[in-house]
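Asker: Mind looking at a prediction? Sequence and model below.
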Amino acid sequence: MESLNVISSASTAKPRFSFQKFLKKSTFFRPVTQTLMPRHTTNWTISTPILKAQQSELEDGSATVSESIIPEGDALKVKDWEVGMFQNEVAASQGIRIRRRPPSGPPLHYVGPFEFRLQNEGNTPRNILEEIIWHKHVEVSQMKERKPLPTLKKALDNAPPVRDFIRALKAANSRTGLPGLIAEVKKASPSRGVLREDFDPVEIAKAYEKGGAACLSVLTDQKYFQGSFENLEAIRNSGVKCPLLCKEFIIEAWQIYYARAKGADAVLLIAGVLPDLDIKYMTKICKLLGLATLVEVHDEKEMDRVLQIDGIELVGINNRDLETFKVDISNTKKLLEGDRGERIRQKGITVVGESGLFTPDDISYVQEAGVKAVLVGESLVKQKDPAKGISELFGKDISL
Ligand SMILES: O=P(O)(O)OC[C@@H](O)[C@@H](O)c1c[nH]c2ccccc12
């Protein structure tokens, strides 16, 4: 297997954001900087270029700080924060509304997502998706510490072989003449609360497979969806043959390796969160690992961005706005109309209609709009017998 060094794509580019300029302008940041620099302590070292810049900048205004020394742990946090600010800038320039990190200062105390500073306009998430992403950043930083990439790469040697996610969807579509089904193992969501109390992920997965699902999607986010990587792993080890999508909020390449180590065959990349460069870079990593990527869009702008990226084979149109939770299945139709739809067909992209599908009419509606696959959670997971739920959703038994 070829290897690729995992670094933030943003950090490889030359940042337009200038920490020095920011310090100069910032009235807010100075006291924070000074708390990072206890003058009486001498056995700490300045270890990053950014902090050297910070020091000389402060020398302009104050003679005392030139002797200041910064603890290395804080240095890394400041660097991390600066990268986050740069990511916010890049994302905003592409029309992405989700800010990758809280913009009002370096996270001095990574205790919980919103505890590191007093609440203010800058560090309060604007919507649920932003809250999830900020929390995910903290979660992934902690997970990475426990399992650094080299360890994770070793674990890949024992990962189960990859199954072809896209091929399974296409095969189901040609076999049934209906969209291939990705059935979602989903216990809860922030918009709907708990969907099923007696939740046995393996049992549900087996019922989905029996009912004719081509692929399964397994929510792994714990805090907001009550999912887990243990669920993914348990389903993979249970004898279920359907390819598995790891339904996670991916913001770092490390998570892709982790998903693979836990048995994923595909991962989700959300265009409303990830700038183009991240999508390109992460798609490349997925290809190296043999994983499929489902790139999710919600509006025309995101779809147009994704259509400019080469090598994207599977695009999901989410009918749910993850910022407001509003669901409207006509979104799928809207994004597949006219020239845009034509380009999608020309590129041979398989389109997945996602969310809010409950009846055979809903399935026909998105199929007529042009999808070859659907992603369904709530309407199936709520059924006592999810296999029967599939037949009811499609208006016929698709398991044969
Ligand atoms: O339960 P529904 O309405 O059938 O939706 C399933 C799936 O589309 C939804 O869970 C989903 C789509 N994109 C996501 C991104 C993150 C978490 C969840 C999702």
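Answerer: Here it is on my side, so go on.

Asker: Which residue is the nearest non-sequential neighbour of the residue of the chain found nearest the ligand?
Answerer: At 2.9 Å from the ligand, residue 377 is the closest residue in the chain, using CB to the nearest ligand atom. From N, CA and C alone the C-beta is placed, and that goes for glycine too. In space, and not counting its chain neighbours, residue 377 is closest to residue 184: 3.5 Å by CB to CB, 6 or more residues apart in numbering.

Asker: quick one: pLDDT of the one you found?
Answerer: Per-residue confidence at residue 184 stands at 98 (pLDDT).

Asker: ok, now residue 29?
Answerer: Per the predicted model, pLDDT is 37 at residue 29.

Asker: Which residues belonging to stretch 154-172 are considered buried?
Answerer: 159, 162, 163, 165, 166, 168, 169, 170, 172 (16 or more other CB atoms under 10 Å).

Asker: leaving aside the residues next to it on the chain, what's closest to the second one?
Answerer: Leaving aside its sequence neighbours, residue 162 sits nearest to residue 290 (CB to CB, 6+ apart; 4.0 Å).

Asker: Distance check, the one you found against residue 161.
Answerer: When distance is defined by CB to CB, to the nearest Å, residue 290 is 8 Å away from residue 161.

Asker: ditto for residue 301
Answerer: Taking CB to CB, one finds residue 301 at 37 Å from residue 161.

Asker: any low-confidence regions in this structure?
Answerer: Applying pLDDT under 70 to the chain flags residues 1-74, 104-122.

Asker: any idea how far the lengthiest helix in it is from the chain center?
Answerer: Longest helix in the chain by number of residues (criterion: DSSP state H): helix 72-93. Put simply, helix 72-93 sits 18 Å off its chain's centre (CA atoms, centre = their mean, to the nearest Å).

Asker: how about that helix: buried residues?
Answerer: Per 16+ other CB under 10 Å, helix 72-93 contains these buried residues: 74-75, 77-91.

Asker: helices and strands around that helix, which ones?
Answerer: helix 9-12, helix 49-61 (3 or more CB pairs under 8 Å, 6 or more residues apart in numbering; DSSP states H and E).

Asker: For the stretch 201-350 of the chain, which segments count as helices?
Answerer: 201-211, 229-236, 253-261, 276-289, 300-307, 330-335, 338-346 (DSSP state H, counting those that start in this stretch).

Asker: if we look at the fifth one, which residues are touching it?
Answerer: What it means is helix 300-307. For helix 300-307, the external contacting residues (CB atoms under 8 Å, 6 or more residues apart in numbering) are 94-95, 271-272, 276, 279, 295, 297, 312, 315, 317, 334-335, 340, 343-344, 347.

Asker: buried subset of these?
Answerer: 271, 272, 276, 279, 295, 297, 312, 315, 317, 334, 335, 344.

Asker: Format those residues as a markdown table; extra columns: distance to residue 101.
Answerer: As requested, these are exported to a markdown table (distance: CB to CB, whole Å):
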| residue | distance to residue 101 |
| --- | --- |
| 271 | 19 |
| 272 | 16 |
| 276 | 19 |
| 279 | 19 |
| 295 | 22 |
| 297 | 23 |
| 312 | 26 |
| 315 | 27 |
| 317 | 28 |
| 334 | 32 |
| 335 | 29 |
| 344 | 33 |
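
Asker: would CSV of those residues with distance to the ligand be doable?
Answerer: Conversion of the buried ones among the contacts of helix 300-307 to CSV gives the following (distance: CB to the nearest ligand atom, whole Å):
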residue, distance to the ligand
271, 11
272, 9
276, 19
279, 15
295, 11
297, 10
312, 17
315, 12
317, 10
334, 17
335, 14
344, 19
